[in-house]
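*Asks:* coords below, sequence missing:
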């Protein structure tokens, strides 16, 4: 793989590893508990991440297919793209964001199903990226609901940064849920 894709895959692997390490602390009982009525459970957060990544994998796959058919030129730059979304502060938890309806999971997600969906969505995204290896994916842009027109590298980086934002949310959720459970536990 070319340098930019290798860089993106490494970031994706790093954020996924951190996410799964965080989730490992969400024992079965806590995975489906919402800390508040207006907040998602750990399982619901994971299901949301899988929905988003599945959509991005589909977008990247279709865009790569289009790029090959229309003769998008080969990649010529090895310049890092990891800072290209910094202005959006996607990993910041300082402001609450509402998920668009198409990726809002609603109540009742199952932890095991959500993890399996994440595994599938990651495999699909990797496959789409490999198919685009060697193409100038920076020149292929698609609209994002909040970020505007962004290129395929940015779409993939968005997935990683979005996942990190929600990993932090999972940490907050677990603190709230386990703290509440400890407060209501009987004193022995």
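*Replies:* Right, received. Where do you want to start? Remember, it's a predicted structure, so these values are computed and weren't measured experimentally. Residues are numbered from 1 along each chain as shown.
*Asks:* centre of the chain versus the lowest-mean-pLDDT helix or strand in the chain, how much separation?
*Replies:* Ranked by mean pLDDT, DSSP states H and E, the helix or strand of the chain with the weakest confidence is helix 28-31, at a mean of 78. Put simply, helix 28-31 sits 21 Å off its chain's centre (Cα atoms, centre = their mean, to the nearest Å).
*Asks:* for this protein, what spans make up the strands?
*Replies:* Assigned by DSSP state E, the chain shows strands spanning 141-144, 148-151.
*Asks:* Okay, buried residues for the least confident helix or strand of the chain please.
*Replies:* For helix 28-31, the neighbour count (16 or more other Cβ atoms under 10 Å) marks 30, 31 as buried. For glycine as for every other residue, the C-beta is placed from the backbone atoms N, C-alpha and C.
*Asks:* again with stretch 145-163
*Replies:* By neighbour count on 16+ other Cβ under 10 Å, the buried set for stretch 145-163 is 150-163.
*Asks:* Just flag the most distant two among those residues.
*Replies:* Across the buried residues of stretch 145-163, no pair lies farther apart than 151 and 163, at 19.0 Å, counting by Cβ to Cβ.
*Asks:* ok, back up a step: now the strands of the chain in JSON lines, with mean pLDDT?
*Replies:* Formatted as JSON lines, these follow (pLDDT from 0 to 100):
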{"stretch": "strand 141-144", "mean pLDDT": "97"}
{"stretch": "strand 148-151", "mean pLDDT": "97"}
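*Asks:* Of all those strands, which one comes closest to residue 39?
*Replies:* Nearest to residue 39, of all those, is strand 141-144, at 24.3 Å by Cβ to Cβ.
*Asks:* can you list contacts of stretch 68-76?
*Replies:* Applying Cβ atoms under 8 Å, 6 or more residues apart in numbering, the external contacts of stretch 68-76 come out as 2, 4, 131, 134, 135, 136, 137, 138, 139, 140.
*Asks:* can you pull up the bridge partners for the fifth one?
*Replies:* When you say that, I think you mean residue 135. For residue 135, the beta-bridge partners under DSSP bridges are residue 74.
*Asks:* All set now, cheers.
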